[in-house]
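K.L.:
sequence and predicted structure, then a few things I'm wondering about:
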Amino acid sequence: MDTLKKIFPLAFVKKNDIVALVINIIIHIVVEAVLGVVIAILLKVPVVNVIVGAVSGLVGLYILISAILSVLDYLKVLK
């Protein structure tokens, strides 16, 4: 559990607070949208499009896992 908290610090918010959970999920969505726009612009550069494509996949996966951990922490599935 400590390792998860170190890797995904934004996933663990106040417990039993639905407002904090909703705000956390909204932050995840906004960050993903902004990064999506930046990555879409960078994909037009031929030299870096392979690297940017790989990084965008990893960042998207990180944000998805962080949002799922937020919900699981709120539901007290994680101990």
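P.N.:
Thanks, I have the structure now. Treat the numbers as computed from the prediction; the structure is a model and nothing was measured.

K.L.:
and A11, how many residues sit next to it?
P.N.:
21 (other Cβ atoms under 10 Å). The C-beta positions use only the backbone N, C-alpha and C, and glycine is treated the same way.

K.L.:
my read is that it contacts L64, right?
P.N.:
No - applying Cβ atoms under 8 Å, one finds A11 not in contact with L64, separated by 10.9 Å.

K.L.:
for I23, give its distance to V13.
P.N.:
8 Å (Cβ to Cβ, to the nearest Å).

K.L.:
more crowded one of the two?
P.N.:
Under the neighbour definition other Cβ under 10 Å, I23 and V13 were set side by side, and V13 has more, 17 against 12.

K.L.:
got the confidence number for the most centrally placed residue in the chain?
P.N.:
Nearest residue to the geometric centre of the chain (Cα atoms, centre = their mean): I63, 1.6 Å. Looking at I63, its pLDDT reads 90.

K.L.:
pLDDT of stretch 14-31, averaged?
P.N.:
For stretch 14-31, mean pLDDT rounds to 84.
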